[in-house]
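# Pasted the sequence and its predicted model underneath.
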Amino acid sequence: MSEARIEAVDLPDPYEVPLEDINMSQGVLFQQQAHWKYFERLRAEDPVHYCPDSDFGPFWSVTRFNDIFEVDNDHQTFSSEGGITLGPPVTMKPEQQMRTPMFIAMDPPKHDVQRATVAPVVAPRNLASLESTIRERVSSILDGLPRGETFNWVDRVSIELTTQMLATLFDFPFEDRRKLTYWSDVITSAPGVLVESPEQRREVLMECLETFTALWHERAKKPPKFDLISLMAHGDDTRDMLSRPMELLGNLILLIVGGNDTTRNSISGGVLALNQHPAEYDKLRRDVGVIPNMVSEIIRWQTPLAYMRRTATRDTELRGKQIRAGDKVLMWYISGNRDETAIDRPNEFLIDRPKARHHLSFGFGIHRCMGNRLAEMQLRIVWEEIMKRFRMVEVVGEPRRNLSAFVHGFTELPVQVHEL
């Protein structure tokens, strides 16, 4: 994935910024890892914080674990219908915007039936059948890595593995699988990074829709299978979705991003975390049995999607703050996962952390990540196979990160591998 080269800018000390001027929607805060101190201050001084002015309009930031849990579990008061991200910039003209409904941005009952249609692809029985396929692909990718030279782990391992997995889940033409990565990156990247205009972005996404529409027609003519397109094409509650092309595109976007960005950035984040905490890497070498627990700690530590948005359906109160109907409310998972009041020693990366699955990265309530078990399984297999081959995956240069307040991830992670 290409990424605009953003020169480092001098960001103000978060404790010197007037509280009312803190604006967490700025992607540069996350790209330069300055967000941690801003969230530390918000959790301590204003855990339900109102930002009156941003490029996306006003919004609330909820930054403590228990408050996020409360909002996430109350879909009657905090609805997904208005969208799960901040939305388009306020300067974008209505005709430039694309409305793409998706089931994660729906409330019951429509949410429930659409989610239930595709959920079988990540049901326990299907996951068990996928494990050998994932292991074969991980082994092939790792065995093909260059020895004695520096390469970009993000592209060679994290993206390649998750893109192969996505192609399998969609039964997408394997030779064209990098299209899935490109579409996912166009969806989530900042303006001017991969596409230059809203019109160009629309053109790319319509290509995505056209490609999947052709696949849909193919699957609809054949007996049902356990791939995502076939499940939707034959599902009682989704088979007519071709008549609502923007809704089909929205659900495709959801499934592509959900299966791509989150897992790939946790794969990269785990390598970086172990390099930053060599005692934990030593602990892993001594006992690979800790890998399943380590996977949960990696997902907490990285928090690959920094927030999810809700919209208040009625006037309500949260931690003494008056939230009005129609207000945007951001649940900052990335802050809640470092909340000192809910997690012991949250700023330490501990691969044997007790209750490591006590984190917010997958969300809670009716919108809890559908593919969380698949993500955990992929990460577990990656680390099991790494430890069979390499004494260390060594980070040998500075990582480059996304310019995004939503996807907390990497574009480059220069590494060298050292065999056992």
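Ah, there it is. Numbering: from 1, shown residues only.
# What are the boundaries of the strands in the stretch 1-150 of the chain?
With DSSP state E, counting those that start in this stretch as the criterion, the stretch 1-150 of the chain has strands at 48-51, 59-62, 78-79.
# So for residue 273, which of these sits nearest?
Nearest of the strands of the stretch 1-150 of the chain to residue 273, taken as C-beta to C-beta: strand 59-62 at 25.0 Å. From N, CA and C alone the C-beta is placed, and that goes for glycine too.
# counting contacts, what elements does that closest one pack onto?
On a contact count with 3 or more C-beta pairs under 8 Å, 6 or more residues apart in numbering; DSSP states H and E, strand 59-62 meets strand 48-51, strand 328-331.
# Just the residues contacting that strand, thanks.
24-25, 42, 47-51, 68, 71, 86, 309, 318, 321, 323, 327-332, 335 (C-beta atoms under 8 Å, 6 or more residues apart in numbering).
# Pull up the gap between residue 47 and residue 183, please.
In this view, residue 47 and residue 183 are 36 Å apart by C-beta to C-beta, to the nearest Å.
# More neighbours: those two, which one.
residue 47 (25 against 22; other C-beta atoms under 10 Å).
# Which pLDDT value belongs to the more buried one?
On pLDDT, residue 47 comes in at 98.
# ditto for residue 90
pLDDT, read off for residue 90, is 81.
# So it sits against residue 57, correct?
Yes. When contacts are counted by C-beta atoms under 8 Å, residue 90 is listed as touching residue 57 (5.2 Å).
# Among these two, which residue is more densely surrounded?
residue 57 (15 against 11).
# can you pull the contacts of that one?
By C-beta under 8 Å, 6+ apart, the neighbours of residue 57 are 86-87, 90, 328.
# Ok, residue 416 next?
So residue 416 contacts 148-151, 393-394, 396 (C-beta under 8 Å, 6+ apart).
# Most neighbours of all those, which one?
Most surrounded of the contacts of residue 416: other C-beta under 10 Å gives residue 393, at 24 neighbours.
# pLDDT below threshold where in the stretch 251-400 of the chain?
Within the stretch 251-400 of the chain, not a single segment meets pLDDT under 70.
# Can I get the contacts of residue 416 in CSV including distance to residue 167?
Putting these into CSV (distance: C-beta to C-beta, whole Å) gives the following:
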residue, distance to residue 167
148, 30
149, 28
150, 28
151, 22
393, 24
394, 30
396, 30
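# Columns mean neighbour count on top of the strands of the stretch 1-150 of the chain, output as CSV?
Formatted as CSV, the strands of the stretch 1-150 of the chain follow (neighbours: other C-beta atoms under 10 Å):
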stretch, mean neighbour count
strand 48-51, 20
strand 59-62, 25
strand 78-79, 22
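# Skip the chain neighbours and tell me the closest residue to residue 353.
Distances taken as C-beta to C-beta, 6 or more residues apart in numbering place residue 297 nearest to residue 353, at 5.2 Å, with adjacent residues excluded.
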